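Q: sequence plus the predicted model coming up.
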Amino acid sequence: MSRTHRSVVNWRPPVTSSSEGLTADFALARFSVGEGKPQLGLVAAGRIRPLSHEELGADSLNDFLAEAPTSWDRLADLAQGSASDDSTWVSLDDVTLEAPVEPRQVLQTGANYRTHVIDLVAAGRAKNDPRPIEELREWAAEMMDARARDGEPYFFIGLPTAVAGVDAELELPGYSNQHDWELELAVVIGKRAHRVSREDALDHVAGYTIVNDISTRDLIFRKDMKEIGTDWYRGKNAPGFLPTGPFLVPSQFVTDPHSLTLKLTLNGDTMQDAVTDDLLFDIPALISAASENMPLLPGDLLLTGSPAGNGIVDGRLLQDGDVMVSVIEGLGTQTTQVRAEAVSS
C-alpha cells in the first residue's frame, strides 16, 4: 500500500519526498508494507531496504545501538548500494514509516530554552506588576543565566507507548480541546550510561531524531489539588502523543548538535523557529544529570526541550484537520496530520 497524504479540512500539505531535509549519508528507519509487520530498514538517497539480523550484526535495534558508534560502520557499505538497481531498495513513498526507535525509557526536559522561558515569564506577569516589560525580561534573563550556571536540568518521564511513527495520524482525545505542539531534538542513547561525566556523555549518544511532544495544556496542572503541581502523565502521554522520526540519524553525521535549526509550521504558518544553541543545559549536561540516578539504556529517548512558539501563548491550539510540518536541520522532515477523536453523542 503506498503512503499518501490524507485530505485535511484546513490545508493540504505540499507533496514532498520523505527524505527531504535528510543530509546524512544513511540513516535507520522502521517501516511496514501493506499489512505487514514493522521491520528495520536502512535509508539512503530517498530509498529504503530491509535489514536482516546478519546485516545488522545484532539481534535487535537496541543491541545494535549498544555498540554505537562502531556498529554504524557495518552499514556504510550497504548504503552505497542505494544507487543500484537492486530490488531490495524501494522508494520511501511506497512504505509506511513507523517510529525509528523502540525506547524502553523516555526522559523529557522541561524549560530548557532560554528565550522560551524568558518569553513565558514576560507573557505571564501579574497584572499588578509595575515593572516595564523590558525590565521584566532582563530579570528573567538573569534568572536563566544563574540557573544555567548553578542549577540542574528539570526532567520528567514519558511513556514509550506514546511514541508513534510519522505516517500515523495524531488523534486528539475528546476529553480536552487544548492540545499543543512542542518540537524537540531527541537524543537516542547508545551504550548504557550510568553516572557519566559531561566529558564522556557524548560517547553514549548513538544518534538523533525528531520528536513532537504533544501536550494537553489544561491537564498539566492539577486543579483538584494544586499543591501536587504538574500532572505529566495525563498532560502528555495519550496514544500517539510523541510523533517520532522519520529517521534515526547516526551521531557521526551530526557535527554539532548545538547549532541545529528547528522549525515547525502549522498549516503552512511558521510557529516555532529556533536554534539549539539557545539550550540552557547542553546535551552533555543533560545526559550526565539524567544518568545520575538511573541508567540510560540503549535506544532510550532523551528529549532536550522545546523552543518558543507553542500554541498556548497565542491561544491557537490543535484542531481537526491541522497539519504540522516539523524540520530539524539534517534530520529530515516530519509531517503530522491531525484529526479529532470521534466522540459519540
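A: Yes, it's here. Residues are numbered from 1 along each chain as shown.

Q: where do the helices of the stretch 101-250 of the chain begin and end?
A: 114-123, 133-150, 198-201, 217-220, 232-236 (DSSP state H, counting those that start in this stretch).

Q: how about those helices, which one is nearest Glu67?
A: helix 198-201 (16.7 Å; Cβ to Cβ). Where you see a C-beta, it was placed from the backbone N, CA and C, and this is true even at glycine.

Q: need the residues that contact that closest one.
A: Applying Cβ atoms under 8 Å, 6 or more residues apart in numbering, the contact partners of helix 198-201 are 193, 283-288, 291.

Q: can you give me the strands for the stretch 101-250 of the chain?
A: With strands called from DSSP state E, counting those that start in this stretch, the stretch 101-250 of the chain shows them at 106-110, 154-158, 163-164, 170-172, 179-180, 183-189, 205-212, 215-216, 242-243, 249-250.

Q: for Thr23, find the nearest of those.
A: Among the strands of the stretch 101-250 of the chain, strand 249-250 sits nearest to Thr23 (Cβ to Cβ), with 8.6 Å.

Q: partner strands of that closest one and their direction?
A: strand 205-212 (antiparallel) (DSSP bridges).

Q: now the strand it pairs with: mean pLDDT?
A: In this model, strand 205-212 has a mean pLDDT of 98.

Q: report the inter-axis angle for it versus strand 183-189.
A: Calculated by axes from the mean of the first three to the mean of the last three Cα atoms, to 10 degrees, strand 205-212 forms an angle of 150 degrees with strand 183-189.

Q: picking that back up, can you redo the strands of the stretch 101-250 of the chain as JSON lines with distance to Gly41?
A: Shown next, in JSON lines, are the strands of the stretch 101-250 of the chain (distance: least, Cβ to Cβ, whole Å):
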{"stretch": "strand 106-110", "distance to Gly41": "22"}
{"stretch": "strand 154-158", "distance to Gly41": "25"}
{"stretch": "strand 163-164", "distance to Gly41": "17"}
{"stretch": "strand 170-172", "distance to Gly41": "23"}
{"stretch": "strand 179-180", "distance to Gly41": "31"}
{"stretch": "strand 183-189", "distance to Gly41": "16"}
{"stretch": "strand 205-212", "distance to Gly41": "15"}
{"stretch": "strand 215-216", "distance to Gly41": "30"}
{"stretch": "strand 242-243", "distance to Gly41": "19"}
{"stretch": "strand 249-250", "distance to Gly41": "14"}
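
Q: Leu22: which of those is closest?
A: In terms of Cβ to Cβ, the element of the strands of the stretch 101-250 of the chain nearest to Leu22 is strand 249-250, at 7.3 Å.

Q: after the closest one comes which helix or strand?
A: Sequence-wise, the next helix or strand downstream of strand 249-250 (DSSP states H and E) is strand 261-266.

Q: how about the helices of the stretch 101-250 of the chain, which one is nearest Leu22?
A: Nearest of these (Cβ to Cβ): helix 198-201, 25.1 Å.

Q: quick one: mean pLDDT over that closest one.
A: For helix 198-201, the mean per-residue pLDDT is 98.

Q: list the buried residues of it.
A: Neighbour-count burial for helix 198-201 flags Ala201 (criterion: 16 or more other Cβ atoms under 10 Å).

Q: just use 192 as the starting number from now, easier for me
A: From this message on, residue numbering opens at 192, which makes the last subject helix 389-392.

Q: quick check: buried residues in the worst-scoring helix or strand of the chain on mean pLDDT?
A: Ranking every helix and strand in the chain by mean pLDDT, DSSP states H and E puts helix 305-314 at the bottom, with a mean of 78. Of all the residues in helix 305-314, those buried under the rule 16+ other Cβ under 10 Å are 305-312.

Q: any idea of the angle it forms with strand 297-301?
A: Going by the same axes, to 10 degrees, helix 305-314 makes 50 degrees with strand 297-301.
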